[in-house]
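J.: for reference, the sequence and a predicted model appear below.
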Amino acid sequence: MRKAYLTGIREIELREVPDPKIERGDDVRVRMHTIGVCGSDLHYYREGKIGVQVVEFPFAVGHECSGTVVEVGPDVANLRVGQRVAIDPLVVCGRCDQCLAGRENTCRNQKFLGCPGQIEGSMADYLVMPARCVFAIPDNVTFDQAVMVEPFAIGLWAQRLAGPTEGRKIAILGSGPIGLCVLQAVKAAGNCTVYATDLLDERVALARRTGADWGGNPDRQDVVAAIGEAEPDGLDLVFECAGKQETIDQAGLLLTPGGTLLVLGIPPESRLSFDMNYFRRRELRVQSVRRQNGCVEDAIEMVASGKVDLDPQITHHFTLAESQAAFDLVADYKDGVIKAMIHVED
Ligand SMILES: [Zn+2]
Ligand SMILES: [Zn+2]
């Protein structure tokens, strides 16, 4: 089969490799259909690492994916050949203290698809995953939407960590795919007011079109002052989806006493600082968000029933052979790209 490898910084090469085989009784072999290019893949593409996760080339990335089941191991009861599926890229051990406590997203023995040193990614014709990571999708959910289930599940988990959103004043700082997914999740969870920001005007515009009550670009205006004017008592929740010191600082200024900052962004450097003048005096909470926990089935249901609309985020389409072009487009934020999809099979 074909598999797309990162072979160096900003280099992707399509190679011919043997098909992956079912090795364990609960394995499922999936014919890949569509793969989304994620911001985290871009860190490996541009910088060759995220924090301590360093790529040893060649390595295949890709973890947002959908496809069709072509083979199931003898112990798989809930899936059959021909089913269309979404993939949860996190493989957990099911035995450690974290798994037993229902915190699978912090499993001590976890392996993540397309994460260096863990499992090679899904940018290939076929993928083998344990059945518990493979979720059937209803007929009315497209393969593209099934790819979006992965980032949306993260937005849904962030909303669940934040709690009910009814009547809440919320900022989403960073309106890339994760910020836009958080927007869908918080709006679906209650009638709330959302202020969205981004450094790219087209992302601010898309946030506005997909439900944000206000949008602003911090390069063009003082967003803290503008939001502060509309909400003089401050905000209940800030979702930091940019991974920047500036947005952490903005959160400190925007939150109301007792408010919560949820951190989803991946900063290029591992250290960020908090101005304790704000965080201490206002007794602010900081909650980091690690991927998602148990949200995949609900995410599929919310997409299928139309409770959330992720389609506006899907902006570009490529073939597997065009993977490098897809990564370059997203890496350089060109042409208004939000989510680029790589289609293995049309
Ligand atoms: Zn992702
Ligand atoms: Zn575990």
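T.: Thanks, I have it. Ligands and ions are numbered 1, 2, ... in the order given.
J.: which parts of the stretch 1-150 of the chain sit against ligand 1?
T.: 38, 64 (C-beta under 5 Å from the ion). In short, each C-beta sits where N, CA and C put it, glycine included.
J.: minimum distance to ligand 1, which residue of the stretch 1-150 of the chain gives it?
T.: Going by C-beta to the ion, ligand 1 is nearest to Cys38 of the stretch 1-150 of the chain, at 3.1 Å.
J.: look up the closest residue to that residue, ignoring the ones flanking it.
T.: Glu64 (5.4 Å; C-beta to C-beta, 6 or more residues apart in numbering).
J.: isn't that neighbour right up against Ile35?
T.: Yes: if you go by C-beta atoms under 8 Å, Glu64 and Ile35 touch, sitting 6.5 Å apart.
J.: okay, those two: which has more neighbours?
T.: Ile35 (33 against 28; other C-beta atoms under 10 Å).
J.: ok, the closest residue to Lys307 other than its chain neighbours - how many residues close by?
T.: In space, Lys307 comes closest to Ala188 once its chain neighbours are excluded; the distance is 5.1 Å by C-beta to C-beta, 6+ apart. By other C-beta under 10 Å, the residues close to Ala188 number 16.
J.: so how far is ligand 2 from Ala188?
T.: 29 Å (C-beta to the ion, to the nearest Å).
J.: hmm, Val303 and that residue touching each other?
T.: No: at 10.7 Å, Ala188 does not count as touching Val303 under the criterion of C-beta under 8 Å.
J.: mind checking the longest helix of this structure?
T.: helix 143-162 (DSSP state H).
J.: what's that one packed up against?
T.: strand 27-36, strand 64-72, strand 84-87, helix 177-188, strand 235-240, strand 255-263, helix 296-304, strand 339-343 (3 or more C-beta pairs under 8 Å, 6 or more residues apart in numbering; DSSP states H and E).
J.: show me where the stretch 201-346 of the chain has its helices.
T.: 201-209, 223-230, 245-254, 276-281, 296-304, 323-331 (DSSP state H, counting those that start in this stretch).
J.: let me see the contact set for Pro218.
T.: Going by C-beta atoms under 8 Å, 6 or more residues apart in numbering, Pro218 touches 197, 199, 246, 250.
J.: can you rerun that using 6 Å?
T.: The neighbours of Pro218, taking C-beta atoms under 6 Å, 6 or more residues apart in numbering as the test, are Thr197.
J.: distance of it from ligand 2?
T.: Distance of Pro218 to ligand 2, computed by C-beta to the ion: 39 Å.
J.: out of the helices of the stretch 201-346 of the chain, which comes closest to Asn140?
T.: helix 296-304 (5.9 Å; C-beta to C-beta).
J.: residues making contact with that closest one?
T.: 88, 135, 137-138, 140-141, 145, 149, 152-153, 156, 308.
J.: from the residues you listed, list just the buried residues.
T.: 88, 135, 137, 141, 145, 149, 152-153, 156, 308 (16 or more other C-beta atoms under 10 Å).
J.: returning to what we had before: okay if I get the helices of the stretch 201-346 of the chain as TSV plus mean pLDDT and distance to Pro58?
T.: Formatted as TSV, those follow (pLDDT from 0 to 100; distance: least, C-beta to C-beta, whole Å):
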stretch	mean pLDDT	distance to Pro58
helix 201-209	98	32
helix 223-230	98	42
helix 245-254	98	34
helix 276-281	95	43
helix 296-304	98	29
helix 323-331	97	13
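J.: out of those, which comes closest to Leu173?
T.: helix 245-254 (4.0 Å).
J.: could I get the buried residue list for that closest one?
T.: Those would be 247-254, for helix 245-254 by 16+ other C-beta under 10 Å.
J.: closest one of those to Ile338?
T.: Thr247 (18.4 Å).
J.: dihedrals phi and psi, Cys241?
T.: phi -120, psi 30 (degrees, to the nearest 10).
J.: how about stretch 278-293, does it reach ligand 2?
T.: No: with C-beta under 5 Å from the ion as the criterion, ligand 2 is not reached by stretch 278-293; the gap is at least 12.0 Å.
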